[in-house]
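> with the sequence up front, the predicted model follows.
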Amino acid sequence: MADAVTLFEVGPRDGLQNEPRSIAAKDKIKLVNELSACGFQKIEVTSFVSPKWVPQMADATEVLSAIERRVGVVYAALTPNARGFANAVAANADEVAIFGAASEGFSQANINCSIAESLARFVPIIEAAQAANIPVRGYVSCITECPYDGAVQPDTVAEVAQDLFDMGCYEISLGDTIGAATPKTINALLDAVLERLPAAVLAGHYHDTNGQALANIETSLARGVRVFDAAVGGLGGCPYAPGAKGNVATEAVAQRLASLGFDTGLDVQRLKSAAEFAKELRN
């Protein structure tokens, strides 16, 4: 049997959050419904953040509450604080995510606090999630380069990743936020992270800004990573990271994985249709 790889679809959240044009809730709901039919195990639907900072996600409750849920699909939401977590629970999120950074500059720009302060803020969210039996996923941004601080040390990333895991995150998604990573820097990063955590609890989140995402995924596969984030149609980027354009397209990752002999469990034709709809939302 082919080795299985899980693609965590982040297009509805990480993909759409940076789109300048307001996208109707009904279109976001339709996108999630189309993705649900593709065979994904995990879909990140939205984020419960202040609409002041991310206006595109102001309809988070409406979208998450109205999607057509399929058995076997986990519908996740990003929750940066206790209020966001409570709202996500009220909208029936199956899973939540918290996001930290491996650089002080990005942490201040993204969530207005230091790395240490951000980790302290996550404690009550994780405690509440554990009490409610809701899994928590952790993101680490700027794993090789920061738009404010420059190069990021692999040991710093490994330390933050372990902190998140030790706090209770079941999986740590390593984010190449501005798409500056290369196979060489990903290998160096994984050298450090794998000394602390097993590959089974890691995911790769590689932006394709410089066309390196697929190569970075192949490098990570060789190191045992079997979960990767991707956005249908290549939607998105980060509003707090200059130059962070272009999540890697889910359909491109699925095609590359298939050519390498990995099984994603995705319906390729349905995925192509969802990608076409996603691209329409950008126009």
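Good, I have the coordinates. Owing to the predicted nature of the structure, the values given are computational and were not obtained by experimental measurement. Residues are numbered from 1 along each chain as shown.

> list of residues touching stretch 19-26?
16, 55-56, 59, 62-63, 66, 235-236, 281-282 (C-beta atoms under 8 Å, 6 or more residues apart in numbering). No exception for glycine: its C-beta is placed from N, CA and C like everyone else's.

> could you rerun that using 6 Å?
Residues outside stretch 19-26 that contact it (C-beta atoms under 6 Å, 6 or more residues apart in numbering): 16, 59, 62-63, 281.

> closest one of those residues to Ile115?
The closest of the contacts of stretch 19-26 to Ile115 turns out to be Leu16 (C-beta to C-beta; 27.0 Å).

> ends of stretch 147-163, what's the gap?
Stretch 147-163 has an end-to-end distance of 23 Å (criterion: C-alpha to C-alpha, to the nearest Å).

> check which residues of that stretch are buried.
For stretch 147-163, burial by neighbour count (16 or more other C-beta atoms under 10 Å) applies to 147-149, 152, 154, 156-161, 163.

> do the same with stretch 28-38
So, applying 16+ other C-beta under 10 Å, buried residues of stretch 28-38: 28-32, 34-36, 38.

> so which of the contacts of stretch 19-26 sit within helices?
62-63 (DSSP state H).

> farthest pair within the contacts of stretch 19-26?
Maximum pairwise distance among these (C-beta to C-beta): 16.5 Å, between Glu62 and Leu281.

> of these two, which one has the most company?
Higher neighbour count among Glu62 and Leu281: Leu281, with 20 against 15, using other C-beta atoms under 10 Å.

> what's near enough to touch the more buried one?
Shown in contact with Leu281 (C-beta under 6 Å, 6+ apart): 23, 27.

> now do stretch 41-49: everything it contacts.
So stretch 41-49 is contacted by 6, 8-10, 12-13, 32, 35, 57, 60, 63-64, 74-80, 84, 87-88 (C-beta under 6 Å, 6+ apart).

> which among those count as buried?
Here, 16+ other C-beta under 10 Å leaves 8-10, 12-13, 32, 35, 57, 60, 63-64, 74-80, 84, 87-88 buried among those.

> how close does Leu189 sit to Ala102?
Noted for Leu189: a distance of 9 Å to Ala102, by C-beta to C-beta, to the nearest Å.

> shared neighbours of those two, anything?
Residues touching both Leu189 and Ala102 (C-beta under 6 Å, 6+ apart) are 143, 157.
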